[in-house]
Each structure stands twice: as C-alpha cells, then as structure tokens.
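# Predicted structure and sequence below. I'll ask about it afterward.
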Amino acid sequence: MAIRNIIQVGDETLRKKSFPVTDFGEKTAQLLDDMKETLIKSEGVGLAAPQIGVLRRIFIVLIDDEYYECINPVIIKQSGKQIGEEGCLSVRGKYGTVERPMKITCSYFDRNGKARKTTVSGFTARAFCHEYDHLDGVLYIDKANDVKECK
Ligand code: ZN
C-alpha cells in the first residue's frame with residue numbers, strides 16, 4: 001500500500017470526466033488499498049480516484065465503521081433534501097454550505113466485480129453525492145455560494 005498525493009483545485013485533472021472501470025483485477029485492488037490508506041492519513045470521510053490523479057469512476061467513503069468502495073457508481077434514486085457544510089481534501093482550508101438529497105440509493109460494483117446496491121441517508125448520503133460529483137469533474141465549490149476559509 002502507498003499514500004498517494006491528493007491533487008488540489010486548479011489542477012485540471014479534477015475537472016475531467018472519469019472513465020468506467022473495466023479491470024477488476026489486481027491493479028484496481030491496489031488502487032483501492034492506496035485510496036483507503038490515503039483517506040485515513042488525510043482524516044477525510046471520502047476520496048474519489050480523480051483526486052489522486054486517476055481518471056476512473058471509483059470512490060470510497062469511510063464514516064466511523066461504515067466503509068464503502070464504489071466502482072462505476074450510479075445514483076439510481078434520491079429523495080428529500082438536506083443543507084449542510086462540506087469540505088474537500090482537494091480544496092484545503094475551506095468549507096461551504098451545499099444542498100444535497102437526504103437519502104440516495106446507489107448501485108455500484110465492488111472490487112471483485114460483483115454488482116451491489118446500497119441506500120444511505122444523512123451525512124453518508126452527502127458524502128456519496130460529493131464523491132460522485134468528483135467523477136464528473138464537479139466540485140462542491142461549484143454548488144456552494146458561501147465558500148469560507150477555515151478558522
Ligand atoms: Zn471532494
């Protein structure tokens with residue numbers, strides 16, 4: 001495993017659309033392991049592959065004991081809304097208020113290529129939506145109108 005460098009806003013890689021994963025072998029497993037180690041080291045709650053410069057449709061979310069690895073995710077259902085603060089490991093030292101769905105259902109593949117589906121709500125749903133946006137080159141600062149500096 002290895003800690004990867006997290007690229008920062010201004011790098012155009014963050015603005016590109018990521019490509020679907022077709023390889024469910026060792027290389028993808030290695031990437032996921034590196035992403036998890038990088039996320040833990042950074043004390044974040046989520047990380048998308050483009051944030052480490054890999055334009056593949058993969059994100060991970062780690063909230064307390066809940067850990068998700070989502071490959072080729074699709075948000076197939078969403079309901080309600082929530083308004084709350086968000087930050088991003090690629091936009092250091094800032095936060096902003098973003099509206100997100102309260103509950104979402106996401107279909108995805110796990111590292112073994114097995115199709116899965118999960119329904120999450122609240123903060124976990126927020127994290128999923130934030131990470132999902134990264135795969136399309138969208139950052140939360142595009143959606144927040146009050147991006148502030150952390151004190
Ligand atoms: Zn982010």
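Cool, got the structure. Residues are numbered from 1 along each chain as shown.
# helices or strands up against the helix or strand containing Glu131?
Glu131 is part of helix 122-134 when elements are defined by DSSP states H and E. Packing partners of helix 122-134 (3 or more Cβ pairs under 8 Å, 6 or more residues apart in numbering; DSSP states H and E): strand 46-48, strand 58-63, strand 66-79, strand 82-88, strand 91-100, strand 103-109. (C-beta placed from N, C-alpha, C; glycine too.)
# what pLDDT does the residue most central in space within the chain get?
Geometric centre of the chain, nearest residue: Glu131, 2.2 Å, by Cα atoms, centre = their mean. In this model, Glu131 is scored at 98, pLDDT.
# Now it: closest residue in space, sequence neighbours ignored.
Phe59 (3.6 Å; Cβ to Cβ, 6 or more residues apart in numbering).
# what sits against Phe59?
46-49, 70, 73, 128, 131-132, 134-135 (Cβ atoms under 8 Å, 6 or more residues apart in numbering).
# Buried ones in the helix holding Glu131, by neighbour count?
123-134 (16 or more other Cβ atoms under 10 Å).
# which one's the longest helix in the chain?
Taking DSSP state H as the criterion, the chain has its longest helix at helix 26-42.
# so that helix versus strand 91-100, what angle?
100 degrees (axes from the mean of the first three to the mean of the last three Cα atoms, to 10 degrees).
# Now do the buried residues in helix 26-42.
28, 31-32, 34-36, 38-39.
# After the helix holding Glu131, which helix or strand is next?
Taking DSSP H and E, what comes next after helix 122-134 is strand 148-149.
# That following strand pairs with which strands?
strand 91-100 (antiparallel) (DSSP bridges).
# For Arg100, give me its contacts.
Neighbouring residues of Arg100 by Cβ under 8 Å, 6+ apart: 81-84, 125-126, 129-130.
# Same question for Leu14.
Contacts for Leu14 were tallied using Cβ under 8 Å, 6+ apart; they are 7-8, 50-51, 90, 134, 137, 139.
# and what of Leu89?
Here Leu89 is in contact with 6, 39, 42, 44, 47, 51 (Cβ under 8 Å, 6+ apart).
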